[in-house]
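J.: from the sequence below, what's the structure:
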Amino acid sequence: MRLLLLLLVAASAVVRSEASTNLGGVPSKRLKMQYATGPLLKFQICGMSGYRRVFEEYMRVISQRYPDIRIEGENYLPQPIYRHIASFLSIFKLVLIGLIIVGKDPFAFFGMQAPSIWQWGQENKVYACMMVFFLSNMIENQCMSTGAFEITLNDVPVWSKLESGHLPSMQQLVQILDNEMKLNVHMDSIPHHRS
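T.: Residues are numbered from 1 along each chain as shown. This next block holds a predicted model:
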């Protein structure tokens with residue numbers, strides 16, 4: 001039983017640390033990659049959705065086509081309430097697994113009769129611990145997943161998956177960047193008159 005507890009705690013720590021690096025938990029590891037100087041193209045992506053590979057592919061193509069653009073990538077954080085729910089579930093999961101393994105009845109503390117699922121968990125500790133662990137992780141991941149793939153150029157939004165519902169194709173992104181770059185060059189060439 002102790003081995004099971006150690007394995008579950010270690011697995012939870014790995015999942016939690018992976019979530020904090022991929023999801024923007026505190027502290028978060030940024031997917032920051034910069035090239036050259038010039039306009040700043042920033043990608044904010046959902047770390048849980050597998051968009052990192054898409055970001056890396058876009059970054060590779062864009063840095064070849066526009067060598068002067070600086071490219072950054074970072075995690076798009078979910079709303080604070082969802083982050084708090086995920087943190088609470090992470091702690092609650094470990095407490096519940098500990099109670100199952102130790103065999104303490106938390107319902108007796110409140111003067112309640114233990115439900116049948118608790119009794120089943122006491123009879124099948126390994127299965128109960130695994131069920132709590134995996135169900136809790138599933139809910140935590142759902143809370144932390146935003147599905148975001150937001151793109152800004154010099155802090156001006158140029159694409160939002162949250163609004164459009166889909167990722168831009170490479171051709172769409174290149175066309176958007178071409179238009180923005182032409183507009184910026186045109187705006188820079190207009191003389192500014194002071195009155």
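J.: give me the phi and psi angles of Asp105.
T.: phi -100, psi 100 (degrees, to the nearest 10).
J.: quick one: it from Asn154, how far?
T.: 60 Å (C-beta to C-beta, to the nearest Å). For the C-beta atoms, the positions are set from N, CA and C on the backbone; glycine is no exception.
J.: hang on, Gly147 in a helix?
T.: No - assigned with DSSP: H, G, I helix; E, B strand; the rest coil, Gly147 falls outside any helix and is coil.
J.: wait, it sits on Lys161?
T.: Yes - assessed by C-beta atoms under 8 Å, Gly147 is found in contact with Lys161 at 6.7 Å.
J.: compare the two (neighbour count), which wins?
T.: More neighbours surround Lys161 than the other of Gly147 and Lys161, with 21 against 14 (other C-beta atoms under 10 Å).
J.: what's the weakest-modelled helix or strand in the protein?
T.: When each helix and strand of the chain is scored by mean pLDDT, DSSP states H and E, helix 2-23 comes last, with a mean of 45.
J.: what pairs with the helix or strand following that one, parallel or antiparallel?
T.: As assigned by DSSP states H and E, the chain's next helix or strand after helix 2-23 is strand 40-45. Partners of strand 40-45 in the sheet, by DSSP bridges, are strand 70-75 (parallel), strand 149-153 (antiparallel).
J.: in strand 40-45, which residues are buried?
T.: For strand 40-45, the neighbour count (16 or more other C-beta atoms under 10 Å) marks Leu41, Lys42, Phe43, Gln44, Ile45 as buried.
J.: average pLDDT across whichever helix or strand comes after it?
T.: Next in sequence after strand 40-45, counting helices and strands by DSSP H and E, comes helix 51-65. The predicted model gives helix 51-65 an average pLDDT of 89.
J.: could you check the angle helix 51-65 makes with strand 70-75?
T.: Angle of helix 51-65 versus strand 70-75, following axes from the mean of the first three to the mean of the last three C-alpha atoms, to 10 degrees, is 170 degrees.
J.: what comes up buried for helix 51-65?
T.: Tyr51, Arg52, Val54, Phe55, Tyr58, Met59, Ile62, Ser63.
J.: residue contacts, Lys42?
T.: By C-beta atoms under 8 Å, 6 or more residues apart in numbering, the contact list for Lys42 reads Ile71, Glu72, Gly73, Glu74, Ile151, Thr152, Leu153, Asp155.
J.: now tabulate these in CSV and tack on neighbour count and distance to Ser136.
T.: Below are the contacts of Lys42 laid out as CSV (neighbours: other C-beta atoms under 10 Å; distance: C-beta to C-beta, whole Å):
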residue, neighbour count, distance to Ser136
Ile71, 21, 36
Glu72, 17, 33
Gly73, 20, 29
Glu74, 18, 27
Ile151, 22, 33
Thr152, 16, 34
Leu153, 18, 39
Asp155, 7, 37
